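Student: Using only what follows, build the 3D model:
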Amino acid sequence: MATTYDLEKDLVRLLINEPFFATLSRHINKVPTKGIPTAGVRIDKDGYFELAFNPDFMAGLSDEFRRGILKHEFYHLIFDHCSARSPDGKKISKRWNYATDLAINSHLRGELPESALWPDKFGYPNEQSAEWYYAKLEQDGKGGDDGKCNGQHGKGDGEGDSGGTPCDCGNIDSHDGWGEAGDVSQDAKDIAKERLREAMRKAAETAANSKLGWGSVSGRIKEQVMRFITRTVDWKAVLRAFVGQAQKASMVNTVKRINKRYPYIHAGKKALRHANIAISIDQSGSVSDELLQLFYGELDNLAKMASFTIIPFDCSVAEDKIYVWKKGERRPWERVLSGGTDFDAPTAYVNAKKFDGHIILTDMYAPKPKPSHCRRMWMTDEQGKQSQYFTTDERVIVIKKKTQ
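Tutor: Reported below is the predicted structural model:
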């Protein structure tokens with residue numbers, strides 16, 4: 001009889017004392033599959049992180065080890081192992097697989113099976129970076145891609161692939177699809193990184209406001225997370241991610257389309273309709289021409305993947321100036337208004353229509369608007385961010401101006 005295991009139901013119980021990891025997990029797609037022996041995280045072609053897991057493997061673990069496996073996978077995301085290229089330049093490197101696991105597992109002592117990779121099995125110190133462990137493994141001739149571990153411990157030289165357990169120091173998870181492997185484009189990786197930044201920001205906020213704090217996350221890891229989420233973001237990737245998420249909202253499963261990653265195991269996807277994105281552009285006199293040019297320039301790139309409805313506004317919406325920027329078109333930037341600013345005007349217009357997402361380009365110089373019926377995001381410059389008139393839980397992205 002096949003094992004029935006529901007990871008989603010188990011996550012709440014397993015991560016009840018881990019506010020940071022629990023929140024982060026809600027932003028990761030979970031995919032049950034018999035295509036891998038254990039579990040693993042990776043980026044899909046649409047720029048989403050997914051946690052693939054073998055239900056039989058997860059069901060066979062104790063609660064303690066199952067929780068440890070989940071945290072191990074989340075650490076791969078935190079340390080950016082999925083998209084980073086291995087130091088030797090190979091698409092999939094066994095030595096890099098080993099190095100990334102060594103960098104993680106010293107933070108999970110007692111939470112993983114002894115068959116996992118531990119630094120002391122190689123005579124190495126704990127809590128070093130994956131790059132450090134990789135250099136040491138290469139120097140010592142261990143963990144190479146010849147299928148042998150060459151470690152001085154346990155069974156000695158073992159064989160296996162990156163998804164199995166090659167010996168008693170072997171990988172406990174799958175690293176398939178990392179780096180340059182698979183059909184994941186650089187755009188998808190950039191989008192995934194910005195989605196991860198936002199997910200980690202929300203997880204950090206949850207941890208900061210929880211009585212349990214950051215749970216088992218060490219002070220060192222917390223500092224790394226905070227550096228990542230406060231680092232200057234790639235606003236173009238954020239914009240692409242926002243559009244991509246709206247497009248995904250209009251997708252449904254269908255058995256009539258083959259799933260390219262898991263053929264004949266999971267259903268494929270089809271679009272019910274094209275995503276409808278509203279781009280409200282603040283045309284008030286205080287918004288600079290430079291900011292408008294930057295934004296129109298990125299919309300020109302985005303038009304390669306989707307269509308948008310452009311909504312010019314100042315203290316009201318210029319309904320006679322609204323148009324659809326169709327996919328594949330190129331358009332020059334333009335200014336059609338120059339009055340004051342009222343964010344309620346474009347919000348009311350978008351709320352009355354069926355849009356999947358709303359992006360407002362503005363200098364933020366107006367009172368807080370009414371709630372939006374769809375997901376809303378704000379884009380401004382550094383001055384607008386520093387002097388915005390209101391606070392909001394919605395995403396506010398700073399567009400970096402070009403330096404001369």
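Student: When you work out contacts or count neighbours from here on, use the C-alpha atoms and nothing else.
Tutor: Will do.
Student: Report all helices and strands that the biggest helix by length in the chain contacts.
Tutor: When the chain is scanned for its longest helix (criterion: DSSP state H), the result is helix 186-209. Packing partners of helix 186-209 (3 or more CA pairs under 8 Å, 6 or more residues apart in numbering; DSSP states H and E): helix 19-25, strand 39-43, helix 219-230, helix 235-249.
Student: ranking those by burial, who's on top?
Tutor: Of those, the one with the most neighbours on average (mean count of other CA atoms under 10 Å) is strand 39-43, at a mean of 27.
Student: Pretty sure residue 243 sits against residue 277.
Tutor: Yes. Between residue 243 and residue 277 there is a contact under CA atoms under 8 Å: 7.2 Å.
Student: re the thing from before, in TSV, list the helices and strands packed on helix 186-209 along with distance to residue 82.
Tutor: Formatted as TSV, those follow (distance: least, CA to CA, whole Å):
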stretch	distance to residue 82
helix 19-25	16
strand 39-43	6
helix 219-230	15
helix 235-249	17
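Student: Show me the common contact partners of residue 243 and residue 277, please.
Tutor: Counting by CA atoms under 8 Å, 6 or more residues apart in numbering, the shared contacts of residue 243 and residue 277 are residue 357.
Student: Where does pLDDT dip in the stretch 151-300 of the chain?
Tutor: 151-172, 176-184, 187, 232-236, 244-274 (pLDDT under 70).
Student: and the longest helix of the chain, how far from the chain's centre?
Tutor: On the basis of CA atoms, centre = their mean, to the nearest Å, helix 186-209 sits 6 Å off its chain's mean C-alpha point.
Student: And it, what's buried?
Tutor: 188-207 (16 or more other CA atoms under 10 Å).
Student: List just the one of the helices and strands packed on helix 186-209 that sits closest to residue 329.
Tutor: helix 235-249 (16.7 Å; CA to CA).
Student: What helix or strand is residue 109 located in?
Tutor: Taking DSSP states H and E as the definition, residue 109 sits outside all helices and strands.
Student: and residue 82, how many neighbours?
Tutor: A count of neighbours around residue 82, defined by other CA atoms under 10 Å, yields 24.
Student: confidence score at it?
Tutor: Residue 82 is assigned 77 on the pLDDT scale.
Student: before we move on, what about the one 10 residues further on?
Tutor: Residue 92 carries a pLDDT score of 56 in this model.
Student: OK, contacts around residue 197?
Tutor: By CA under 8 Å, 6+ apart, residue 197 lies in contact with 228, 229.
Student: before we move on, back to that, identify whichever of the helices and strands packed on helix 186-209 lies nearest to residue 367.
Tutor: helix 235-249 (23.6 Å).
Student: Show me this structure divided up by domain.
Tutor: The record, using automatic domain parsing to delimit domains, assigns the chain the ranges 1-231, 274-398.
Student: could you dump those domains to CSV with distance to residue 239?
Tutor: Putting the domains of the chain into CSV (distance: least, CA to CA, whole Å) gives the following:
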stretch, distance to residue 239
domain 1-231, 9
domain 274-398, 8
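Student: which residues does the residue nearest to residue 198 when sequence neighbours are not counted contact?
Tutor: In this structure, residue 198 finds its nearest non-sequential neighbour in residue 229, 7.4 Å apart by CA to CA, 6 or more residues apart in numbering. Residue 229 is in contact with 197, 198, 200, 201, counting by CA under 8 Å, 6+ apart.
Student: Closest one to residue 64 out of those, please.
Tutor: Once CA to CA is applied, the member of these that ends up nearest residue 64 is residue 200, at 23.5 Å.
Student: ok, back up a step: how far away is the residue nearest to residue 198 from residue 81?
Tutor: 16 Å (CA to CA, to the nearest Å).
Student: Tell me where the stretch 1-150 of the chain has helices.
Tutor: Assigned by DSSP state H, counting those that start in this stretch, the stretch 1-150 of the chain shows helices spanning 7-14, 19-25, 55-59, 63-78, 94-105, 130-140.
Student: Turn the ones you listed into a markdown table, columns for distance to residue 221.
Tutor: Putting those into a markdown table (distance: least, CA to CA, whole Å) gives the following:
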| stretch | distance to residue 221 |
| --- | --- |
| helix 7-14 | 20 |
| helix 19-25 | 12 |
| helix 55-59 | 26 |
| helix 63-78 | 9 |
| helix 94-105 | 11 |
| helix 130-140 | 14 |
